[in-house]
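[1] structure here, sequence nowhere to be found:
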């Protein structure tokens, strides 16, 4: 916990003085009782005295003063709070290998159902975009607040040939930063090393060749994230590691979801057959490089649970916030409690 006005905490030194003052008043009260022993006889005749109960209201009042002094220092602490604004890009594999039925009813059907549930759980303030990739990648739903439009784009998925995981990442980055030409940076390594999730004006200069944005750590860009779902079998397009490097340089987290089983499934076509299995290593590397996480889904329930977990990760963030009102409310509650107990037990405020 930190404080905006820490100098106010010096007032806490007054609390021990109040304790000393209270103890002195108690000793004075005892001396008065010794001077008038008849008062003890009357007290015994009336029944048992208040005992330790008489000290509880003053103790509560002392705690209340401490809480109010802490509130005056304007405390701050790390708390999980909803994100005010965010973009999530769903990058979905629509390659022919997603027909495999090792995840029932098929990998594609399970992925579509989980993606719809995921979108449903997102805050209304979050914009969602959908990118599909197979042999190439395409933006099938630009960023929108309309969940119905996102559902419709997910339902329109069609199978295509090839799997280009790297192209899916690049297309997702292009959606988040439309002013940056990521394809040229991927083709020219000399331009690819310009990191940063810079403000819009700086990205404009970057796109025009007017200067490089400031570097940022991987995973530090909090305005957008990419969720990439695939069976992990890259067959064409840019290397996924290079595409992940571009995301890491921009600070964008890529959460990867692997669909399928270790054994995979043999797909049979017109005169051909191939074994479709999950390449987890590539997906782990993408997530690690960008500061995201890798999730494995061996069946449809697992996939739904993964997307539920991602909802909480992308809808909330750990943020330092001022809790002055909360601490002050605790202090006020203690004051009311001390006064109420004193009225109930001794028929006086304190």
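    Alright, I've got the coordinates. Everything quoted here is computed from the prediction, not taken from an experiment.

[2] quick one: the helices in this protein, in order.
    Using DSSP state H, the helices of the chain run over residues 14-35, 38-46, 56-72, 107-121, 147-155, 165-176, 182-187, 189-192, 200-207, 240-249, 280-290, 300-315, 324-346.

[3] where in the stretch 151-300 of the chain is pLDDT low?
    Applying pLDDT under 70 to the stretch 151-300 of the chain flags the ranges 187-215, 232, 261-277.

[4] how close does residue 245 get to residue 166?
    For residue 245, the distance to residue 166 (CB to CB, to the nearest Å) stands at 10 Å. Placement of C-beta: from N, CA and C, glycine included.

[5] tell me the most buried of the helices of the chain?
    Per residue and on average, the most neighbours among those fall to helix 165-176, with a mean of 26 (mean count of other CB atoms under 10 Å).

[6] now do that one against helix 280-290, angle only.
    30 degrees (axes from the mean of the first three to the mean of the last three CA atoms, to 10 degrees).

[7] tell me the angle helix 165-176 makes with helix 240-249.
    Using the same axes, to 10 degrees: helix 165-176 against helix 240-249 is 20 degrees.

[8] so how far is helix 165-176 from its chain's centroid?
    Centre-to-centre, helix 165-176 and its host chain are 22 Å apart (CA atoms, centre = their mean, to the nearest Å).

[9] show me what it packs onto, helices and strands only.
    Here helix 165-176 touches strand 86-93, strand 126-133, strand 137-144, helix 182-187, strand 224-230, helix 240-249, helix 280-290, going by 3 or more CB pairs under 8 Å, 6 or more residues apart in numbering; DSSP states H and E.

[10] pipe the ones you listed into JSON lines and attach distance to residue 173 per row.
    Formatted as JSON lines, the helices and strands packed on helix 165-176 follow (distance: least, CB to CB, whole Å):
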{"stretch": "strand 86-93", "distance to residue 173": "8"}
{"stretch": "strand 126-133", "distance to residue 173": "10"}
{"stretch": "strand 137-144", "distance to residue 173": "11"}
{"stretch": "helix 182-187", "distance to residue 173": "5"}
{"stretch": "strand 224-230", "distance to residue 173": "8"}
{"stretch": "helix 240-249", "distance to residue 173": "6"}
{"stretch": "helix 280-290", "distance to residue 173": "10"}
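
[11] those: which one's closest to residue 150?
    Nearest to residue 150 among these is strand 126-133 (4.8 Å), distances taken as CB to CB.

[12] got the angle between that closest one and helix 165-176?
    Counting by the same axes, to 10 degrees, strand 126-133 lies at 150 degrees to helix 165-176.

[13] let me see the mean pLDDT of strand 126-133.
    In this model, strand 126-133 carries a mean pLDDT of 95.

[14] and stretch 8-24, by the same measure?
    Per-residue pLDDT over stretch 8-24 has a mean of 87.

[15] give me the contacts around that stretch.
    3, 58, 62, 65-66, 69-70, 72-74 (CB atoms under 8 Å, 6 or more residues apart in numbering).

[16] returning to what we had before: which one of the helices and strands packed on helix 165-176 lies nearest to residue 302?
    Relative to residue 302, the nearest member of the helices and strands packed on helix 165-176 by CB to CB is strand 224-230, separated by 12.5 Å.

[17] the closest one: partners in the sheet, and parallel or antiparallel?
    strand 86-93 (parallel), strand 253-259 (parallel) (DSSP bridges).

[18] pick the most deeply packed of those.
    Most buried of the strands paired with strand 224-230 by mean neighbour count (mean count of other CB under 10 Å) is strand 253-259; its value is a mean of 27.

[19] that one versus helix 300-315: what angle between them?
    Here strand 253-259 points in a direction 170 degrees away from that of helix 300-315 (the same axes, to 10 degrees).

[20] show me the shaky parts of the stretch 1-150 of the chain.
    Looking at the stretch 1-150 of the chain by pLDDT under 70, you get 32-51, 80-85.

[21] circling back: what is the nearest of the contacts of stretch 8-24 to residue 284?
    Comparing the contacts of stretch 8-24 against residue 284 with CB to CB picks out residue 3 as the nearest, at 41.2 Å.

[22] residue 54: neighbouring residues, count only.
    As a burial measure, residue 54 scores 14 neighbours (other CB atoms under 10 Å).

[23] assess the claim that it and residue 346 are in contact.
    Yes: proximity of residue 54 to residue 346 meets the contact threshold set by CB atoms under 8 Å, at 7.1 Å.

[24] which among the strands paired with strand 224-230 is found nearest to residue 30?
    When these are compared (using CB to CB), the closest one is strand 86-93, at 64.7 Å.

[25] turn the contacts of stretch 8-24 into JSON lines, including distance to residue 158.
    Output for the contacts of stretch 8-24, formatted as JSON lines (distance: CB to CB, whole Å):
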{"residue": "3", "distance to residue 158": "58"}
{"residue": "58", "distance to residue 158": "75"}
{"residue": "62", "distance to residue 158": "71"}
{"residue": "65", "distance to residue 158": "69"}
{"residue": "66", "distance to residue 158": "65"}
{"residue": "69", "distance to residue 158": "65"}
{"residue": "70", "distance to residue 158": "60"}
{"residue": "72", "distance to residue 158": "63"}
{"residue": "73", "distance to residue 158": "60"}
{"residue": "74", "distance to residue 158": "56"}
